[in-house]
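Peer 1: Based on what follows, work out the 3D shape:
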Amino acid sequence: MSRTLIIIGLIIVALGILWPWLGRLGLGRLPGDILIQRGSFTIYIPIATGLLVSIVLSALLWLINR
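Peer 2: From the prediction side, this is the model:
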């Protein structure tokens, strides 16, 4: 369990470091992501991006534990 948590933590750190370059790929602007802007109020709900990231991480963890 601790090995899995360490790997997840390293993946999150790597995503944080690479986020400026990953943003250029279109992550966060997928169809299905909800953006509401009204005046000075903005809310962003990344449904499609969250699903995509979840599928990719699930596949990676499945391969690691296999």
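
Peer 1: can you give me the helices in the protein?
Peer 2: 2-22, 47-65 (DSSP state H).

Peer 1: packing partners for the first one?
Peer 2: Here helix 2-22 touches helix 47-65, going by 3 or more Cβ pairs under 8 Å, 6 or more residues apart in numbering; DSSP states H and E. All C-beta spots, glycine's among them, are computed from the backbone N, C-alpha and C.

Peer 1: average pLDDT across the helix it packs on?
Peer 2: Mean per-residue pLDDT for helix 47-65: 90.

Peer 1: Show me what counts as buried in it.
Peer 2: 48-49 (16 or more other Cβ atoms under 10 Å).

Peer 1: contacting residues for the residue nearest the centre of the chain?
Peer 2: Closest to where the C-alpha atoms of the chain average out (Cα atoms, centre = their mean) is Val53, at 4.5 Å. Residues near Val53 by Cβ atoms under 8 Å, 6 or more residues apart in numbering: Leu27.

Peer 1: Quickly note the distance from it to Gly39.
Peer 2: 30 Å (Cβ to Cβ, to the nearest Å).

Peer 1: Ile12 now?
Peer 2: Ile12 is 33 Å from Gly39, by Cβ to Cβ.

Peer 1: more neighbours, these two?
Peer 2: Neighbour count, other Cβ atoms under 10 Å: between Ile12 and Gly39, Ile12 has more, with 11 against 5.

Peer 1: what's the spacing between the more buried one and Leu60?
Peer 2: 12 Å.

Peer 1: most distant residue from the middle of this structure?
Peer 2: Gly39 (27.2 Å).

Peer 1: State the distance from that one to Arg66.
Peer 2: 50 Å.

Peer 1: and what of Leu27?
Peer 2: Counting by Cβ to Cβ - Leu27 and Arg66 are separated by 26 Å.

Peer 1: Give me the common contacts of Ile12 and Leu60.
Peer 2: With Cβ under 8 Å, 6+ apart, Ile12 and Leu60 have no common neighbours.

Peer 1: Neighbours of Leu25, how many?
Peer 2: 8.
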